[in-house]
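S.K.: Model the structure of this input:
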Amino acid sequence: MAPPLAVVVPHHHREDLLPAALAAVARWPRVVIDDGPTGRPPVPVAPDVVCLRTAGDQGFARAVNLGLAYAETVLGAERVLLLNDDAVPEPGCVEALLAACGPRVGAVGPVLLGAQGIESAGVELARWGRVRQRTRAPLRVTEVGALSGACLLVPGWARLDPAFPHGFEDLALCRDLRARGLHNLVVPHARCRHLGGATLPRTTRRAQRHALAGHLRLVGGGWRGVVAVGLAVAQVAREGGPADRLLGIAEGLADGWWPRRPG
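M.R.: Modelled structure (predicted):
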């Protein structure tokens with residue numbers, strides 16, 4: 001029997017995307033966390049959808065944690081599906097994720113499909129600091145280092161680290177689950193379509209700032225931090241800017257340079 005499930009959908013401003021995400025998971029209890037700008041009216045949702053409002057612009061991790069706490073303590077969910085408001089699971093996706101759960105399983109994710117095909121079939125973090133999306137789906141349920149938070153099934157007791165501003169908090173969670181001896185799994189026959197960048201376009205200065213700060217936080221600074229900065233600069237150069245992303249790198253460096261993590 002599948003464990004009790006609730007769906008948590010963090011939401012910021014793209015109300016045109018939210019209905020499709022909610023419709024795809026209509027058979028389960030749904031909780032929308034509205035983290036839009038302060039002073040904005042709450043996002044309209046159907047009567048059977050719980051909508052909780054943050055203080056505004058609290059960030060992805062804090063918004064998700066509010067939803068996780070509600071799903072666990074109020075709804076009694078043993079597993080929670082974290083679903084971006086720009087992600088739409090295909091039919092059978094959530095059921096396949098639930099079927100892969102077990103007592104030693106941490107996070108479970110589908111193959112994410114973007115405009116160019118497979119966007120992510122898991123994420124690998126090299127010891128020297130590089131983060132790499134797996135873009136080839138495995139033939140069977142496979143253990144991976146980490147998974148994208150765009151569509152991610154996690155234990156109800158799990159929480160994200162709010163020290164991550166926007167990005168890499170999903171990888172940090174998966175790393176922490178592995179440290180508990182749990183396995184993170186990608187399910188190849190579970191598919192989810194992901195628009196990506198709807199909340200914060202990836203090539204903006206702000207996104208670059210948060211991405212580098214999160215990467216530095218994840219690797220713990222030190223020599224891996226130098227690698228993270230170098231990779232960020234190389235990416236901006238490879239993608240042709242825009243130039244203000246370099247300012248975002250400088251800001252992310254100031255935000256996220258933590259001392260080197262032991263080991």
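
S.K.: And the strands in the stretch 51-200 of the chain, which stretches?
M.R.: Ranges of strands within the stretch 51-200 of the chain are 79-83, 87-89, 105-114, 117-120, 123-125, 131-133, 142-143, 151-155, 183-194, based on DSSP state E, counting those that start in this stretch.

S.K.: Could you dump those into TSV with mean pLDDT added?
M.R.: Compiled in TSV, the strands of the stretch 51-200 of the chain are given as follows (pLDDT from 0 to 100):
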stretch	mean pLDDT
strand 79-83	98
strand 87-89	97
strand 105-114	97
strand 117-120	95
strand 123-125	88
strand 131-133	87
strand 142-143	97
strand 151-155	98
strand 183-194	98
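
S.K.: need these in CSV with distance to residue 53 and mean neighbour count, can you?
M.R.: The C-beta positions use only the backbone N, C-alpha and C, and glycine is treated the same way. Below are the strands of the stretch 51-200 of the chain laid out as CSV (distance: least, CB to CB, whole Å; neighbours: other CB atoms under 10 Å):
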stretch, distance to residue 53, mean neighbour count
strand 79-83, 18, 26
strand 87-89, 21, 24
strand 105-114, 27, 24
strand 117-120, 30, 16
strand 123-125, 31, 18
strand 131-133, 32, 14
strand 142-143, 37, 14
strand 151-155, 22, 27
strand 183-194, 25, 22
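
S.K.: Now render these as JSON lines, adding distance to residue 220.
M.R.: Shown next, in JSON lines, are these (distance: least, CB to CB, whole Å):
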{"stretch": "strand 79-83", "distance to residue 220": "24"}
{"stretch": "strand 87-89", "distance to residue 220": "29"}
{"stretch": "strand 105-114", "distance to residue 220": "21"}
{"stretch": "strand 117-120", "distance to residue 220": "23"}
{"stretch": "strand 123-125", "distance to residue 220": "12"}
{"stretch": "strand 131-133", "distance to residue 220": "14"}
{"stretch": "strand 142-143", "distance to residue 220": "23"}
{"stretch": "strand 151-155", "distance to residue 220": "23"}
{"stretch": "strand 183-194", "distance to residue 220": "20"}
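
S.K.: Out of the ones you listed, which is closest to residue 30?
M.R.: strand 79-83 (8.8 Å; CB to CB).

S.K.: Direction included, what does the closest one pair against?
M.R.: strand 5-11 (parallel), strand 151-155 (antiparallel) (DSSP bridges).

S.K.: Could you dump the ones you listed into JSON lines with distance to residue 116 added?
M.R.: Shown next, in JSON lines, are the strands paired with strand 79-83 (distance: least, CB to CB, whole Å):
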{"stretch": "strand 5-11", "distance to residue 116": "25"}
{"stretch": "strand 151-155", "distance to residue 116": "18"}
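
S.K.: low-scoring stretches of the protein, by residue?
M.R.: For the chain, applying pLDDT under 70 flags the ranges 1-2, 165, 196-201, 257-263.

S.K.: hmm, 50 instead?
M.R.: 258-263 (pLDDT under 50).

S.K.: Count the neighbours of residue 128 for me.
M.R.: For residue 128, the neighbour count with other CB atoms under 10 Å is 10.

S.K.: Phi, psi for it please.
M.R.: phi -90, psi 0 (degrees, to the nearest 10).

S.K.: residues contacting the closest residue to it other than its chain neighbours?
M.R.: With sequence-adjacent residues excluded and distances taken as CB to CB, 6 or more residues apart in numbering, residue 128 is closest to residue 227, at 5.8 Å. By CB atoms under 8 Å, 6 or more residues apart in numbering, the contact list for residue 227 reads 128-130, 219.

S.K.: Repeat that for residue 137.
M.R.: Counted by CB under 8 Å, 6+ apart, residue 137 has contacts 111, 118, 121, 186, 188.
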